[in-house]
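Participant: Predicted model, plus sequence, below.
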Amino acid sequence: MSKLSSTQSVTLSTLTLTQRRVGAAAWFGWLFDGLDGYLYVLVATSFVGQLMNLAPSDPVVAHHAAFIQAAFLVGWALGGAFFGRIGDKIGRVRTLSLTILTYALFTGLSSFAVNWQMLLAFRFLTALGIGGEWAAGASLVAETWPPPWRAWAGAGLQSAFQCGLLLAGGVATLLAGNDRWVFLAGALPAVMVFWLRKSVPESEAWHKASIQKKPSVAELFKGRLLRTTVLTILVCSFALTLTWAFIFWFPQQLLRLKDLQNWSPQARQHYIAEVTVLVNFVAIGGNFFAAAIAKYFGYRRSAVLMFLGSGLFLWLTYGVPRNHISIILPAVLAHFFVQGIFGLFPLYVPMLFPTLLRTTGAGFCYNIGRVVAAFGTIFFGVILPIKDLRIAILYLALLTIPAICIAMLIPEPMTEEKEAR
């Protein structure tokens, strides 16, 4: 039976102080993930244009901005794999602290970049921390919170990431025209590490398992885990490529709308920031919508529905040319499904793997999709011989077809009854 178990009645009031602190630590870690990950997207063409002494509208600027974003996604993947392994060796909390320090430090240093190559290097190093934080935070919550909360906790963690995107939009709006200060604001999460190390205990499940012989990474590709590993990599790759190519090229396509060309650069930037706030606010609802379906009908059906909705509304948004008003409603619904599907992954992917392979498996399988997403970001916006970004994003929607096919095959997570055996 694919439906998630809900036999236990668990409310927020029944959670222990430790569980609440763990939830808060992971939530804020993901919030700052979203902040530091998205700040660049909002100022990409303007800041890269400054570094290259070219107009933001110059196609060369857009191409270099895309390569920097691709480097960021590759770094995200490598960070997920590297820190994922570290998380199984030294614990979730220590790894969480290291990853937050990493992405805060290098986001702040991005403000001092003097050329696009230096910015690319700083964004790559920022991404190492962001990728590692995902697996450590998700595994810590999965091992600490009661199983009946798994679906809702996953949506809650993903909503933190969306709130980080909203916060990034607010920072970009507040500091419009001061791109270097935008990045400097991304260094603030480092302060959280002091509280994290003092107040959040290590996962009991990790402590118990750590005395056992630690399995090698090769175990992910043996026996029954092989099928799980391959399918998880595939479904995450399709989801991440779809989402990050859309997230990156969505504001760039809006900037090129014909009815915005007579606006001042600052007015256009404010419009993009306001739309970003709107679509990411709605995407939070998508996270909880996906979680609700997963709780009652299972992860497989939920993933299929979210991919189906993504393809449908991407085609409705970009199937015909639109102005800056008519594009809003279908674009909002497209983000609801495209970003909403990630409400499934945080507490689902880690629990597909045994304890001492949990952050390794989650970090590797989820974040290897970043490499695919990096190529997809460049392919759909730069390599594909299409000058109109609307058409490029329309082709991006075709990825939902194989994604649906793979989603039909993914396994369901272990229920709490099975975990107890």
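Facilitator: Thanks, I have the structure now. Treat the numbers as computed from the prediction; the structure is a model and nothing was measured. Residues are numbered from 1 along each chain as shown.
Participant: Read off the pLDDT value for the closest residue to residue 376 other than its chain neighbours.
Facilitator: Distances taken as CB to CB, 6 or more residues apart in numbering place residue 241 nearest to residue 376, at 3.7 Å, with adjacent residues excluded. (Glycine included, C-beta is placed from N, CA and C.) pLDDT recorded at residue 241 is 87.
Participant: and residue 241, what helix or strand is that in?
Facilitator: Element membership for residue 241, per DSSP states H and E: helix 223-255.
Participant: what about residue 204, distance to residue 193?
Facilitator: Distance of residue 204 to residue 193, given as CB to CB, to the nearest Å: 22 Å.
Participant: rewinding a little: residues contacting the residue nearest to residue 376?
Facilitator: Neighbouring residues of residue 241 by CB atoms under 8 Å, 6 or more residues apart in numbering: 369, 372-373, 375-377, 399.
Participant: mind redoing it with 10 Å?
Facilitator: Residue 241 makes contact with 73, 369-377, 379-380, 396, 399, 403, according to CB atoms under 10 Å, 6 or more residues apart in numbering.
Participant: Could you do residue 226 as well?
Facilitator: Counted by CB under 10 Å, 6+ apart, residue 226 has contacts 219-220.
Participant: Next, count neighbours for residue 227.
Facilitator: 12 (other CB atoms under 10 Å).
Participant: tell me which element the nearest residue to it once chain neighbours are set aside is part of?
Facilitator: Distances taken as CB to CB, 6+ apart place residue 411 nearest to residue 227, at 7.8 Å, with adjacent residues excluded. Per DSSP H and E: residue 411 is located in neither a helix nor a strand.
Participant: Was I right to think residue 411 contacts residue 230?
Facilitator: No: between residue 411 and residue 230 there is no contact under CB atoms under 10 Å: 11.2 Å.
Participant: and the longest helix for this structure?
Facilitator: helix 17-52 (DSSP state H).
Participant: quick one: average confidence on it?
Facilitator: 87.
Participant: For the helix or strand that contains residue 314, which helices and strands make contact with it?
Facilitator: Using DSSP H and E, residue 314 falls within helix 299-318. Contact partners of helix 299-318 among helices and strands, from 3 or more CB pairs under 10 Å, 6 or more residues apart in numbering; DSSP states H and E: helix 150-174, helix 223-255, helix 265-297, helix 328-338, helix 389-396, helix 400-407.
Participant: which one of the contacts of residue 241 sits closest to residue 350?
Facilitator: residue 369 (15.1 Å; CB to CB).
Participant: Might one say that residue 330 is in contact with residue 309?
Facilitator: No: using CB under 10 Å, residue 330 makes no contact with residue 309, being 11.7 Å away.
Participant: Now the common contact residues for these two.
Facilitator: Here residue 330 and residue 309 have no joint contacts, going by CB under 10 Å, 6+ apart.
Participant: Phi, psi for the residue nearest to residue 227 please.
Facilitator: When read as degrees, to the nearest 10, the backbone of residue 411 gives phi -80, psi 160.
Participant: ok, it - contacts?
Facilitator: So residue 411 contacts 2, 224, 227-228, 231-232, 299-300, 348, 352 (CB under 10 Å, 6+ apart).
Participant: Quick one, which of these has the minimum pLDDT?
Facilitator: Ranking the contacts of residue 411 by pLDDT, residue 2 lands last with 41.
Participant: Show me what the longest helix of the chain is packed against.
Facilitator: helix 59-90, helix 92-110, helix 116-144, helix 150-174, helix 179-185, helix 192-199, helix 223-255, helix 265-297.
Participant: Apply 7 Å and report the result again.
Facilitator: helix 59-90, helix 92-110, helix 116-144, helix 150-174, helix 179-185, helix 192-199, helix 223-255 (3 or more CB pairs under 7 Å, 6 or more residues apart in numbering; DSSP states H and E).
Participant: quick one on the thing from earlier: closest to residue 167 among the contacts of residue 241?
Facilitator: residue 73 (20.7 Å).
Participant: What strand or helix carries the closest residue to the closest one other than its chain neighbours?
Facilitator: Leaving aside its sequence neighbours, residue 73 sits nearest to residue 374 (CB to CB, 6+ apart; 3.7 Å). Assigned by DSSP H and E, residue 374 falls within helix 358-378.
Participant: And residue 348, by the same measure?
Facilitator: Using DSSP H and E, residue 348 falls outside every helix and strand.
Participant: and it, how many neighbours does it have?
Facilitator: 27.
Participant: is it true that it touches residue 407?
Facilitator: No: shown here, residue 348 and residue 407 do not form a contact pair, counting by CB atoms under 7 Å, at 11.9 Å.
Participant: The helix holding residue 314 to helix 400-407, inter-axis angle?
Facilitator: Angle between the axes of helix 299-318 and helix 400-407 is 180 degrees (criterion: axes from the mean of the first three to the mean of the last three CA atoms, to 10 degrees).
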